[in-house]
Structure formats: C-alpha cells, structure tokens
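Visitor: sequence and predicted model, in that order:
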Amino acid sequence: QKEVEQNSGPLSVPEGAIASLNCTYSDRGSQSFFWYRQYSGKSPELIMFIYSNGDKEDGRFTAQLNKASQYVSLLIRDSQPSDSATYLCAGRAGGNNAGNMLTFGGGTRLMVKP
Amino acid sequence: DGGITQSPKYLFRKEGQNVTLSCEQNLNHDAMYWYRQDPGQGLRLIYYSQIVNDFQKGDIAEGYSVSREKKESFPLTVTSAQKNPTAFYLCASSIYASYTFGSGTRLTVV
C-alpha cells in the first residue's frame, strides 16, 4: 500500500521560531506533494505544493522535496500562534491511472506558544 | 463564487438508520472524493469518482455507498452496515491534483 507518513506530534515551538514539519513517502512514483493546514473542526486548506527537488518558498513557508530520500518537509518561519493547527502532507502518484488522487498522511499537530 | 458545499453541517443518526450526506460543487471539476476523519487522525478515502456515472471504492468503503449521476453532485450514504459511523466527513473535488474541500459534515450516532 502506498503510504505517506508523518509524526503525529504535537510539535511545540515558541512564537517567532522556525517550525519544521516532516513527511516521508513509500511510493517512488509519486510526482508531487501538497501541504494542507487544518484548524480544529475545519476543512483542510492548501498551503503550497512542490514537484521538483529542492526548495520552494512562499512567504513564511518553505517546502522542501528530496526524491532520492523520499522526504518532504515544510518550514514555517517566524511561527505565530495562529499557525497552531494540524498540517497534512499529501502525495500524488505518477502515471495516467493515478488521475488526481492524493494520498494523505496522518497529519502533524503544531502548537506555537506565545 | 465557485465552491463546494456540504450539507448538513451536523447530522445525527439512530442505530440501524441510513443517512445521506450531500456534496455539491460548481467548480466544473470532474473528480470528486469522500474522506472520513476520526479525531486526531488523517483523511481516509471512502469513495472517489473521476467522471459522471463512474466511481471507485477507496480504502474504507464498507458500509458506505455513493452515486454520481451529475457532474456537480456526489452524495454519500452511510448505511446501517457501517457500525462505527461517528466521524467528520469531508467531500473534495479536484483538477490537476489541487483539491478543494467542502466544510465537512459531522455525523454522530445517537
């Protein structure tokens, strides 16, 4: 079974620090990866996606992808209490049969303390 | 505004009762999905549909059924065969692997 794994946390960081969220995946055919933020009782919202090896930056967020190590991460700089949420990592398999199907990890709960 | 609408927001089911969760989108997306989320857990795929009149089982389809008669609509029925249906249910639609989620339905067995 193709899996995406995340540490459930909680990951606790002080306000202003860098939060580092990690994700590993088992399907070497996975082409692209997505990070979603989910506040308690709400639906997930897309933060960013990445499909090339290396770093991709968007404001305070940086996604990192290492296909050789099958590893994806999300860095949040200058963490704010409003960043406290569960972060879901998702991967999309390659190939025409995959369609747009995403496989989600179990999520990491982030707590940013003032 | 385009979006995806789930209703109701809260639903209570009695033992042995079938209930149907509604999911409607006006984004013109071909693909639609149903996920279940238990407290502190990730999303588990129940059913998905990539085109009208076609749908496939996901990882936890037992006790659930769906239909896709229209592109815009993908209702989920939780049947009495689903013994532990209390959970948060999320519907999503997608294009190019970018998912849009509905606001969810919280189902509770009473």
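Guide: Arrived safely, thanks for sending.
Visitor: isn't B:Thr79 right up against B:Asn18?
Guide: Yes. Assessed by Cβ atoms under 8 Å, B:Thr79 is found in contact with B:Asn18 at 5.1 Å. C-beta coordinates here come from the backbone N, C-alpha and C atoms, glycine included.
Visitor: chain B contacts on chain A?
Guide: A:6, A:8, A:32, A:34, A:36, A:41-46, A:49, A:88, A:90, A:92, A:99-102, A:104-107, A:109 (Cβ under 8 Å from any Cβ of the partner chain).
Visitor: against which helices or strands is the lowest-mean-pLDDT helix or strand in chain B packed?
Guide: None of the helices or strands of chain B scores lower by mean pLDDT, DSSP states H and E than strand B:98-101, at a mean of 89. Judged by 3 or more Cβ pairs under 8 Å, 6 or more residues apart in numbering or on different chains; DSSP states H and E, strand B:98-101 is in contact with strand A:30-38, strand A:45-50, strand B:87-95.
Visitor: out of the residues of chain A next to chain B, which are buried?
Guide: Applying 16 or more other Cβ atoms under 10 Å in any protein chain shown to the residues of chain A next to chain B, the neighbour count classes A:6, A:32, A:34, A:36, A:43-44, A:49, A:88, A:90, A:92, A:99-102, A:104-107, A:109 as buried.
Visitor: element containing the residue nearest in space to the middle of chain B?
Guide: Most central in chain B under Cα atoms, centre = their mean is B:Trp34, positioned 3.4 Å from the mean C-alpha point. If you go by DSSP states H and E, B:Trp34 is part of strand B:31-37.
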